[in-house]
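S.K.: can you look at this prediction? I've put the sequence above it.
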Amino acid sequence: MQALQALIFDVDGTLADTERDGHRPAFNRAFQEAGLDWDWTVPLYGELLAVTGGKERILHYLRHWQPDFLARPDLADFIAGLHQRKTAHYLDLLRSGAIPLRPGVPRLLGEAREAGIRLAVATTTTPENVTTLLECAGNPDLPGWFEVIAAGDIVPAKKPAPDIFVHALEQLGVPPEACVAIEDSANGVRAALGADLKALLVTTSTYTQGEDFSGSAEVVAGLDNIDLAALETLHRRIYGAVGD
Ligand code: XBP
Ligand code: MG
């Protein structure tokens, strides 16, 4: 049986609870700046989160709530421009310290680093959003603790497609059975399982409580009480003890 070699973390909702008070207001600021009267309220954003990827989420919103915009000849550029401004506003929010890492995350990352367990990220958001979150909510060295930051448009299909997790595994050069993956959403669970990451811990977040996490090994409300030993126990429960 493979020993545990690496942890693969989702970002939004897992490392930090970023959606309601981070990404969502950033989208709204970009819309206001563009003179659009679109308001992604807390409940509406919860519905829109069914679609991963900010650009994809804007297109989904247009299709269902603003179909007249679909006729724009420059639709792709229009969406890309809104998303670029949204990302700028999100980075400002991160740099203001508005979004902390979730309780237990700094400790768990330190334990893994101390034990020589490799760290990776597999996320739908952009690489800069990841490094800026880690630098500003954690510490300036934190991005360097992650050997692999698999993020955003680096893969053709976003979660729930498995592509980003497959990419992270390829970059790590380890099989899925050598890893534990940590996610917060049903889309993330489907993506991780699609990459054969069976040792999968779910930590529910603001918007994902009550989602379908079928196939995950364990569901917790947060990582406050999850240490490296708990992840090693979960890994053994799925794959058996080393030497089995
Ligand atoms: C969550 C997402 C992202 C964010 C918005 O990513 O689906 O799209 O909501 O970020 P994950 P962008 O849970 O996989 O970390 O606007 O940069 O896409
Ligand atoms: Mg997530």
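M.R.: Arrived safely, thanks for sending. Ligands and ions are numbered 1, 2, ... in the order given.
S.K.: can you list the low-confidence ranges for the protein?
M.R.: Along the chain, segments meeting pLDDT under 70 span 242-244.
S.K.: domain ranges for the protein?
M.R.: Structural domains annotated on the chain: 6-18+101-239, 19-95, as defined by automatic domain parsing.
S.K.: of those, which is nearest ligand 2?
M.R.: domain 6-18+101-239 (3.7 Å; CB to the ion). Placement of C-beta: from N, CA and C, glycine included.
S.K.: re the thing from before, deepest of the domains of the chain, which one?
M.R.: Comparing the domains of the chain on average neighbours per residue, with mean count of other CB atoms under 10 Å, the densest one is domain 6-18+101-239 at a mean of 20.
S.K.: run the chain-centre distance for that one.
M.R.: For domain 6-18+101-239, the gap between its own C-alpha mean and the chain's C-alpha mean amounts to 7 Å (CA atoms, centre = their mean, to the nearest Å).
S.K.: end to end, how far does it reach?
M.R.: The first and final residues of domain 6-18+101-239 sit 14 Å from each other (CA to CA, to the nearest Å).
S.K.: could you do stretch 194-204 as well?
M.R.: In stretch 194-204, first residue to last residue: 20 Å (CA to CA).
S.K.: repeat that for stretch 200-219.
M.R.: The straight-line separation of the ends of stretch 200-219 (CA to CA) is 9 Å.
S.K.: any part of it near ligand 2?
M.R.: No: with CB under 5 Å from the ion as the measure, stretch 200-219 is seen stopping short of ligand 2, the closest distance being 7.0 Å.
S.K.: for residue 181, give me phi and psi.
M.R.: When read as degrees, to the nearest 10, the backbone of residue 181 gives phi -110, psi 140.
S.K.: the one 3 residues further on too?
M.R.: Residue 184 adopts backbone torsions of phi -130, psi -10, taken as degrees, to the nearest 10.
S.K.: tell me who's in contact with the nearest residue to it once chain neighbours are set aside.
M.R.: Using CB to CB, 6 or more residues apart in numbering and skipping the chain neighbours, the partner closest in space to residue 184 is residue 13 (3.3 Å). By CB atoms under 8 Å, 6 or more residues apart in numbering, the contact list for residue 13 reads 19, 184-185, 188, 203, 205-208.
S.K.: swap the cut-off to 6 Å and go again
M.R.: Listed by CB atoms under 6 Å, 6 or more residues apart in numbering, the contact partners of residue 13 are 184-185, 205.
S.K.: might you report the residue contacts of whichever residue of the chain sits closest to ligand 1?
M.R.: Residue nearest to ligand 1 within the chain (CB to the nearest ligand atom): residue 54, separated by 2.2 Å. Contact analysis of residue 54 by CB under 6 Å, 6+ apart lists residue 83.
S.K.: what does residue 174 give?
M.R.: Residues in contact with residue 174, defined by CB under 6 Å, 6+ apart, are 5-6.
S.K.: in a helix, that's where it is, yeah?
M.R.: No: under the criterion used here (DSSP: H, G, I helix; E, B strand; the rest coil), residue 174 is coil, not part of a helix.
S.K.: would you say residue 58 is within a helix?
M.R.: Yes: under three-state DSSP, residue 58 sits within a helix.
S.K.: need the contact list for it.
M.R.: residue 79 are the contacts of residue 58 under CB under 6 Å, 6+ apart.
S.K.: check the gap between it and residue 68 for me.
M.R.: Between residue 58 and residue 68 the distance is 15 Å, computed by CB to CB, to the nearest Å.
S.K.: and for residue 51?
M.R.: Distance of residue 51 to residue 68, given as CB to CB: 20 Å.
S.K.: got the contact list for the longest helix belonging to the chain?
M.R.: In the chain, ranked by residue count with DSSP state H as the criterion, the top helix is helix 75-95. Here helix 75-95 makes contact (CB under 6 Å, 6+ apart) with 22-23, 26-27, 29-30, 33, 54-55, 58-59, 72, 132-133, 136.
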